[in-house]
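> Build me a model:
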Amino acid sequence: MIAALTVIVTILHFRTTAGPHDLHWLHLFFQKLYYIPILLAAAWFGPRTTGATALAVTALFSLHIWINWAGDRMQQSDQIGEIASFWLLALLSSVLFERQRKAFEETKTAHQETLSALASSLDLREHDTGLHSRRVAEYTMLLAHRMGFRDERYLEELRKGAILHDIGKIGVPDRILLKESRLTDEEMDVIRHHPAQGAALIGEIPFLEGTRELVLSHHEKYDGTGYPRGLSGEAIPIGGRIFAVADVFDALTANRSYREPASWIEAADHIDKGSGTHFDPEVVNAFLAIPFRDLEEIAARTGVDLRQPFRDNDSAMPSSIPSATTSLREGRGDIRRS
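Reported below is the predicted structural model:
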């Protein structure tokens, strides 16, 4: 786009000749348009592209000077000054936009570190969940990519929502949140309020506004039996439908004090059986098509061994199954036949 804009400005500039005539003002106007590609290059691409753009503008402008050489010293001085202003603009705009980009990245990093610390504190409070928020966020991103989502802004909002999905549990008393025995109906009612409480909390924070829908909808079910709003089907935001599958897979395969982790086969079976009721069938199909090794790598980075239940039970699992490209669906069949 920068190159096309530079060419357009050059054509307009060349079509109006220099020197005193009725349209000289138009010639000078087009001349000033050379600043635009330089500024855009600085804003979008950085110093190298800005320098290359300034060089191209200088070459084209110099060609125009040579073609229309009039020997007028005043005019020549003005043209030399114009070239100098191109490079001055390129230098200053590059420095300023580079500082702005650096400040933005530092702010973004600070936000990410704050979110990670907050999610870690929530995981720590529940004792058993460990790195659940980080792990389920990675599963969610893997599944979203698998389903073809590529918009970086949306994916970033989805990641933040996955990390902060249980932020509303800040308002749940320890006697309920940490209770190991079965919860009463009244206690379950308190738990069911945490999505709405979390959405209300982050709704007050401008840079987290886009994550609100996932936080609010992460316990909705495809058949409408979830909470807090009882949404069903495509009325549930797609981020919530994607996250629900990732969340259940991690909840089943991670260790808890009150139960042993399920095998990845059992977790995949549970998700498959929930297709159309708890989960969106399209999301389930995409999840079961993910190569097992991709999920295993995420789990291993965050302290979970997806093969552990097989090792604990001394079950035979050939090391070549599942392979690097074998999906959950294929791997389940291979293990059962072995």
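> quick one: average confidence on the host helix or strand of Q112?
Assessed by DSSP states H and E, Q112 sits inside helix 73-125. Taken as a whole, helix 73-125 has a mean pLDDT of 80.
> Show me what that helix packs onto, helices and strands only.
The helices and strands touching helix 73-125, judged by 3 or more CB pairs under 8 Å, 6 or more residues apart in numbering; DSSP states H and E, are helix 35-44, helix 47-67, helix 132-146, helix 152-163. (Each C-beta comes from the backbone N, C-alpha and C, glycine too.)
> what does stretch 48-61 contact?
For stretch 48-61, the external contacting residues (CB atoms under 8 Å, 6 or more residues apart in numbering) are 2-3, 6, 10, 13, 31, 34, 37-38, 41-42, 79, 82-83, 86-87, 89-90, 93-94.
> which of the residues you listed are buried?
For those, a burial check counting by 16 or more other CB atoms under 10 Å picks out 2, 6, 10, 13, 31, 34, 37-38, 41-42, 79, 82-83, 86, 89-90, 93-94.
> From the chain's centroid, how far away is the strand or helix carrying I11?
Under the criterion of DSSP H and E, I11 resides in helix 2-15. Here the centre of helix 2-15 is set off from its chain's centre by 37 Å, with CA atoms, centre = their mean, to the nearest Å.
> can you give me the helices in the stretch 201-338 of the chain?
Ranges of helices in the stretch 201-338 of the chain, per DSSP state H, counting those that start in this stretch, are 212-217, 238-253, 264-273, 281-288, 292-301, 308-312, 328-337.
> So which helix or strand of the chain has the lowest pLDDT on average?
Lowest on mean pLDDT, DSSP states H and E among the helices and strands of the chain sits helix 308-312, with a mean of 63.
> What distance do you get for the closest residue to G46 other than its chain neighbours to T50?
Nearest in space to G46, with sequence neighbours left out and distances taken as CB to CB, 6 or more residues apart in numbering, is E98 at 6.6 Å. E98 sits 9 Å away from T50, going by CB to CB, to the nearest Å.
> and if you look at R229?
The gap separating R229 from T50 is 49 Å, by CB to CB.
> show me the contacts for the closest residue to N285 other than its chain neighbours.
In this structure, N285 finds its nearest non-sequential neighbour in S275, 7.8 Å apart by CB to CB, 6+ apart. Applying CB under 8 Å, 6+ apart to S275 gives the contacts P281, V284, N285.
> can you pick the most crowded of those residues?
V284 (23 neighbours; other CB atoms under 10 Å).
> Which residue is the nearest non-sequential neighbour of it?
Nearest one to V284, counting by CB to CB, 6+ apart, is S275 at 4.1 Å.
> Residues in a beta bridge with the one you found, which ones?
F279 (DSSP bridges).
> Compute the distance between it and P237, please.
19 Å.
> Also A267?
Noted for A267: a distance of 24 Å to P237, by CB to CB.
> Over to F104?
Relative to P237, and taking CB to CB, F104 is found at 27 Å.
> quick one: which of those two has more around it?
Per other CB under 10 Å, whichever of F104 and P237 has more neighbours is P237, with 19 against 10.
> residues touching that one, list them.
E213, L214, S217.
> Need phi/psi at the spatially closest residue to the first one that is not a sequence neighbour.
This means E213. Nearest non-adjacent residue to E213, counting by CB to CB, 6+ apart: P237, 4.5 Å away. The phi/psi pair for P237 (degrees, to the nearest 10) reads phi -50, psi 140.
> neighbours around E266, how many?
14.
> With the one 5 residues further on instead?
Counted with other CB under 10 Å, the neighbours of I271 add up to 22.
> do F279 as well
F279: 24 neighbours (other CB under 10 Å).
> How about G81?
Quick note: G81 (other CB under 10 Å) scores 10 neighbours.
> what do you get for the one 3 residues further on?
Residues lying near A84 (other CB under 10 Å) number 11.
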